[in-house]
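**Student:** test case, fold it:
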Amino acid sequence: MVALEPQYRARPLDGVWATAPYLHNGSVPTLKDMLLPQGRRPGSFCVGSREYDPVNVRLVAKSLPGDGCAAGLTDFNVS
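**Tutor:** Have a look, this model is predicted:
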C-alpha cells in the first residue's frame, strides 16, 4: 500500500472580488480606501472579523484605544 503525501488545499475563491480586504495581498481594507491614491491608504488595519460593514464595504475591524486590535483580531501592517 502506498502512503498518501499531504497536500495543500486552497480555499475556494468564488466571489473573492466582492470581499474585503482588497488587492492580491489584502493590503487595502475598504473599497473607499481602494479608490484613494496609494500614499493616502492606511498603513495598517485589523483583520480577522467575520462581521460585514455595508457602509464602508469591508469586514468590521474593531480596534482598541491606543491603536491595538480587539481580541481575536490581528494587526495587518501593509509595509
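**Student:** where do the strands of the chain begin and end?
**Tutor:** For the chain, strands defined by DSSP state E occupy the ranges 44-47, 52-53, 58-59, 63-64, 68-69, 74-77.
**Student:** can you list those in TSV and add mean neighbour count?
**Tutor:** Just so you know, the C-beta spots here come from the backbone N, C-alpha and C atoms, and that holds for glycine as well. Formatted as TSV, the strands of the chain follow (neighbours: other C-beta atoms under 10 Å):
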stretch	mean neighbour count
strand 44-47	19
strand 52-53	13
strand 58-59	21
strand 63-64	12
strand 68-69	15
strand 74-77	13
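**Student:** worst mean pLDDT among the ones you listed?
**Tutor:** Looking at the strands of the chain, the lowest mean pLDDT belongs to strand 63-64 (a mean of 66).
**Student:** OK, contacts around residue 62?
**Tutor:** For residue 62, the contact set (C-beta atoms under 8 Å, 6 or more residues apart in numbering) comprises 46, 49, 69-70, 73.
**Student:** in these, find the pair that's most separated.
**Tutor:** 49 and 69 (9.5 Å; C-beta to C-beta).
**Student:** so where's this protein uncertain?
**Tutor:** Under the criterion pLDDT under 70, the flagged ranges of the chain are 1, 17-19, 63-67.
**Student:** and the gap between the most centrally placed residue in it and residue 56?
**Tutor:** Central residue of the chain (C-alpha atoms, centre = their mean): residue 21, 3.8 Å from the mean position. Taking C-beta to C-beta, to the nearest Å as the measure, residue 21 and residue 56 are separated by 12 Å.
**Student:** again, but for residue 27
**Tutor:** Applying C-beta to C-beta, the value for residue 27 to residue 56 is 16 Å.
**Student:** the two: which has the busier surroundings?
**Tutor:** Under the criterion of other C-beta atoms under 10 Å, the comparison of residue 27 against residue 56 puts residue 27 first, with 20 against 15.
**Student:** does the more buried one touch residue 47 like I think?
**Tutor:** No - checked against C-beta atoms under 8 Å, the pair residue 27 and residue 47 is beyond contact range at 10.6 Å.
**Student:** anything in contact with each of these two?
**Tutor:** Common neighbours of residue 27 and residue 47 (criterion: C-beta under 8 Å, 6+ apart): 21, 76.
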